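Chemist: Task: produce atomic coordinates for the following.
(2 chains)
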Amino acid sequence: MGEGLRLNFAYLCSMLLSEAPAGKKLHIDALRKNPLELRMHYMGLRPGVTLAVVRASFMGGPLAVNLGSSMLALRKEEAEWIEVSLANPTEIE
Amino acid sequence: MSNQLPHSILLAGNPNSGKTTLFNLLTGLRHKTANYPGVTVETRSGTVKMYNSSSGGFDQLPCIDLPGVYSLVPDSADEEAAVKAIQGQLPYAAGSVLLYVADTTNLPRSLDLFFQLRELGFRMLFILNMADLAARSGIVTDTAALEQWLQCPVLSINSRGGTALKQIKDAIRNSSALPQHAPPTPDASEISARVAAYWKHPRFNPAAFLQKADVYLMHPVWGILIFMLLMSLVFQAVFAWASYPMEWIETGMAALSSFIAGQLPPGVFTDLLTEGILAGVSGVLVFIPQIAFLFLFVAIMEESGYMARVSFLFDRFMRRFGLNGRSTIALIGGAACAVPSILSARTISNRKERLITIFVTPLMSCSARLPVYTVLIALVVPDQRYFIFNLQGMVLMGLYVAGIASALGTAWLLNLLFPGKETGFLMMELPFYKRPHWTGVFDTVRSKVMTFVLDAGKIIVAISIVLWVLASYGPAARMNDIEKRYAALEQSEENKNRKAAEKLENSYAGIMGKKLEPAIRPLGFDWKIGIALITSFAAREVFVGTMSTLYSVGSEDEARLTEKLHEQKRADGTPVFTLGVSVALMLFYAFAMQCMSTFAVVKRETQSWRIPAAQFVYMALLAWISAFIAYILLS
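Modeler: Next up is the predicted model:
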């Protein structure tokens, strides 16, 4: 998948999923190149997808994220490959 | 004409799409599972009963449940096996119909595989499963528009509902009109656009899927406490409830054995049948209640979705030892019985993590070790209390801790020594909690128990027969001598026991025990213990029976045995079972691999003799060294 997929949106505060605050709506901006990227794609982690962290990493452990129609568990390192940003609050659904 | 039924029915789709429930619905009880040892992949095959209007009767159509994958581009050894299974069906694509099962709540994700399969030439029926769940979540799907776009029938069903079966069978009946040449697969942007148009989901609510239960069950602290509580309840149940059927089986088999011995003329064949074969078979059957209960609880935890939460909670801890969060359930189960636990390690896709899990699980103190611990603790540990702590209980707990510590320690060591090739990962779906589908659960339990009975069982019976031969036969001269001597004595109960003890001593097993003695003398063991070690290789509980025979205790009365052992003295007058010897023996049993079932299962799951052999040697060394240290320190 090349150097990760990018969408050209100008969102504010881009961060890694592993550091994202819980309970806030997020958008995936890009997936960094990683050995699990195919699996991520098929599990629904793709650029443009909306998600939220429901359980943040506790002492370096895994996180749980809500993709809207399913919930995924991810290790902190796996979440570090996903770049996200806070969804613009005035955005129309 | 269009009334022609397809030659076969295939089921494909993503994991967690409810495909298997649908398969169960279609085939009723007429199916079986084929496991590919060492991978998570399973293919199930069965038959579907369909009315054939041209012949006027019912046909049994072969139906195959293909392994669930996210795509035909494999990402791991697991998926490779799955993809091969699917590709194996290609030659039959023309005559068969493929039911593509998708989770309606996850439609976008399901389409990739659908298009890939359609491109290969399969004739497809699209089944939107879990319609009830989707409706509850507020998802609205335009099935008519989807049908138009995908150019195949689209059915929205709830596989647990009543009408699903009829709808699907009707669709299958009309499927001969389906084309085999697919329109070109749309590109990604068209797919997103169409999905957005035909599949509406409500506004994203960040907290929506944190179900109430998960607030506690996935809480870093509460979650673990609740899990511990749950586990102790499960263990209580497994030990308490399973003991009844286990006793029935033992009594039943003993009765059967006496019955047969009574019916057939006395002789070698009868003895072989009752003491060799039947005893071996009994040894396998007696495991069943415990294994069945364990499998049942594990199946319930998996079906309901709780298992995923357990993996989530323990992943961080497990990773320090080269294990995966999914290893937790294997290790915990190993404290009851290693056999089903090793089978459960299949859910770990990473080969290194899975192998390490399989390797260390037998180090957990399983229930078969309990009779051994009980006898030995009663022998040397005083039944006293310090405050609220019962000394005997403490030692027992210490042995369990030793098991856990050795398992984790060995895992850590293996992780260090063997570099892994694939990246381990946890990334997995946390399914919604749902009520377990009981038919499916019982079916899973049944098939796993049968696998154990047939596979491991064969080896156990074979070994039991070998051990019986070794323990019953010895050099002719000695055996005849014993017979002569005892024939001249009074036929009392005590003499009978003594005779049995002498015969055992002079049997091949006894000779082996004596030969083994030099190797175990540093541990303080004598040749009688040596015999018990040899016979325990079939199963650890055999220890009590063997010791009873050796020390001329008629029945397997543990209390009486403990008394007898206490009295045993060596040639120089010192007691045999000192604190040092007993603790050494306890540790030996804690670590040594004395279970043919485990050996058999590991061999099957790893598809090699090397790994169980390595386990055996490693555990024997660990057992010997720790027994040695204990004996030296405590004597």
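Chemist: For chain A, list the residues in contact with chain B, please.
Modeler: Residues of chain A lying close to chain B (Cβ under 8 Å from any Cβ of the partner chain) are A:23-25, A:35-36, A:38-40, A:42-44, A:50, A:52, A:54-55, A:58-62, A:64, A:66, A:68-75, A:78, A:93. To be clear about C-beta, it is placed using only N, CA and C from the backbone, and glycine gets the same treatment.
Chemist: and residue 83, what is it in contact with?
Modeler: With no chain named, the answer covers chain A. A:Glu83 is in contact with A:Ser14, A:Met15, A:Leu16, A:Leu17, A:Ile28, A:Asp29, A:Ala30, A:Leu31, A:Arg32, counting by Cβ atoms under 8 Å, 6 or more residues apart in numbering or on different chains.
Chemist: I was thinking of chain B, sorry if that wasn't clear
Modeler: Applying Cβ under 8 Å, 6+ apart, the residues near B:Val83 are B:Val69, B:Leu72, B:Val73, B:Pro74.
Chemist: quick one, phi psi at the first one?
Modeler: In terms of degrees, to the nearest 10, the main-chain angles of B:Val69 are phi -140, psi 160.
Chemist: okay but it is in contact with B:Asn16, surely?
Modeler: No: proximity of B:Val69 to B:Asn16 does not meet the contact threshold set by Cβ atoms under 8 Å, at 11.5 Å.
Chemist: quick one: which of the two has more around it?
Modeler: Taking neighbours as other Cβ atoms under 10 Å in any protein chain shown, B:Val69 and B:Asn16 compare with B:Val69 leading, 25 against 18.
Chemist: nearest residue to that one other than its sequence neighbours?
Modeler: B:Ala82 (4.7 Å; Cβ to Cβ, 6 or more residues apart in numbering or on different chains).
Chemist: Just the buried positions in whichever strand in chain B runs longest, please.
Modeler: As assigned by DSSP state E, the longest strand anywhere in chain B is strand B:42-52. The neighbour-count criterion (16 or more other Cβ atoms under 10 Å in any protein chain shown) identifies B:Glu42, B:Thr43, B:Arg44, B:Ser45, B:Gly46, B:Thr47, B:Val48, B:Met50 as the buried residues of strand B:42-52.
Chemist: Quick check: the nearest residue to B:Gly530 once chain neighbours are set aside vs chain A, distance?
Modeler: Nearest residue to B:Gly530 in three dimensions, chain neighbours excluded: B:Gly513, at 3.6 Å (Cβ to Cβ, 6+ apart). Per Cβ to the nearest Cβ, to the nearest Å, B:Gly513 is found 50 Å from chain A.
Chemist: B:Gly513 against B:Ile534, yeah?
Modeler: Yes: using Cβ under 8 Å, B:Gly513 makes contact with B:Ile534 at a distance of 6.0 Å.
Chemist: If you count surrounding residues, which of the two has more?
Modeler: B:Gly513 (26 against 21).
Chemist: Can you tell me which helices and strands the strand or helix carrying the more buried one packs against?
Modeler: Using DSSP states H and E, B:Gly513 maps to helix B:508-520. With contacts taken as 3 or more Cβ pairs under 8 Å, 6 or more residues apart in numbering or on different chains; DSSP states H and E, helix B:508-520 sits against helix B:457-472, helix B:527-535.
Chemist: got the buried residues for whatever helix or strand comes next after the first one?
Modeler: In this case it means helix B:457-472. Using DSSP H and E, the helix or strand that directly follows helix B:457-472 along the chain is helix B:476-487. Under the neighbour-count criterion of 16+ other Cβ under 10 Å, helix B:476-487 has B:Arg478, B:Met479, B:Ile482, B:Tyr486 buried.
Chemist: For those, give me JSON lines that also has pLDDT.
Modeler: Conversion of the buried residues of helix B:476-487 to JSON lines gives the following (pLDDT from 0 to 100):
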{"residue": "B:Arg478", "pLDDT": "82"}
{"residue": "B:Met479", "pLDDT": "84"}
{"residue": "B:Ile482", "pLDDT": "84"}
{"residue": "B:Tyr486", "pLDDT": "83"}
